[in-house]
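Undergrad: My questions are about this predicted structure, shown below with the sequence.
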Amino acid sequence: MTLPRVILLHEAAPRKPAEGQACNGCGVCCAAQPCPLGMLVTRRRQGRCAALRWDPGGRYACGMVSQPRRFLPWLPAAWTRAVALRWIAAGRGCDSDLQAVDPTPQRRVQQP
Ligand code: SF4
Ligand code: SF4
């Protein structure tokens, strides 16, 4: 049995869509665990990916795509962005089978 875990997300983050639906930037997958790219770049294997960024436009974004020089400043940003987009399979829909439940919506807190 998999025990539930608590992850904190921005109060304005969209709800997670079903697996296979279009990615809406809910951030659930990256807040739960880094993807292989995130593990490689941030050297974390568990917990929230350090590259996860909140976009004021109302969704989460991969920092490897939106701010590539912040994580790999010695590489050309365009190259890093292109590799990251390919590695994380951007645009192919939600590939997370996590079940997101919001048990206490009234207790949501603002993330920095
Ligand atoms: S892949 Fe799925 S869980 Fe991850 S940010 Fe996109 S919609 Fe959310
Ligand atoms: S897609 Fe980007 S933010 Fe999400 S886990 Fe991977 S490296 Fe981190």
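TA: Looks like it came in fine. Residues are numbered from 1 along each chain as shown. Ligands and ions are numbered 1, 2, ... in the order given.

Undergrad: contacts, neighbours, all on C-alpha from now
TA: OK.

Undergrad: Setting aside sequence neighbours, what's the nearest residue to the residue nearest the centre of the chain?
TA: The chain has residue 30 as the residue nearest its centroid, 3.2 Å off, counting by C-alpha atoms, centre = their mean. Leaving aside its sequence neighbours, residue 30 sits nearest to residue 49 (C-alpha to C-alpha, 6 or more residues apart in numbering; 5.6 Å).

Undergrad: Might you report the residue contacts of that neighbour?
TA: 30, 31, 32, 33, 34, 35, 38, 39, 42 (C-alpha atoms under 8 Å, 6 or more residues apart in numbering).

Undergrad: Show me which helix runs longest in this structure.
TA: helix 77-87 (DSSP state H).

Undergrad: what helices or strands is that helix leaning on?
TA: Other elements packing on helix 77-87 under the criterion 3 or more C-alpha pairs under 8 Å, 6 or more residues apart in numbering; DSSP states H and E are helix 63-66, helix 68-71.

Undergrad: hmm, stretch 26-36 touching ligand 2?
TA: Yes - against ligand 2, stretch 26-36 shows contacts by C-alpha under 6 Å from any ligand atom at 30, 34, 35.

Undergrad: Dump the C-alpha coordinates for that stretch into CSV.
TA: Output of stretch 26-36 as CSV, limited to C-alpha atoms (Å, rounded to 0.1, in the frame of the first residue of the first chain):
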residue,chain,number,x,y,z
CYS,A,26,-0.1,21.9,-12.0
GLY,A,27,3.4,21.0,-10.7
VAL,A,28,2.3,17.9,-8.8
CYS,A,29,4.8,15.6,-10.5
CYS,A,30,7.8,17.8,-10.0
ALA,A,31,6.8,18.8,-6.4
ALA,A,32,6.6,15.1,-5.6
GLN,A,33,9.9,13.9,-7.0
PRO,A,34,12.6,15.1,-9.5
CYS,A,35,12.5,13.6,-12.9
PRO,A,36,15.8,12.0,-14.2
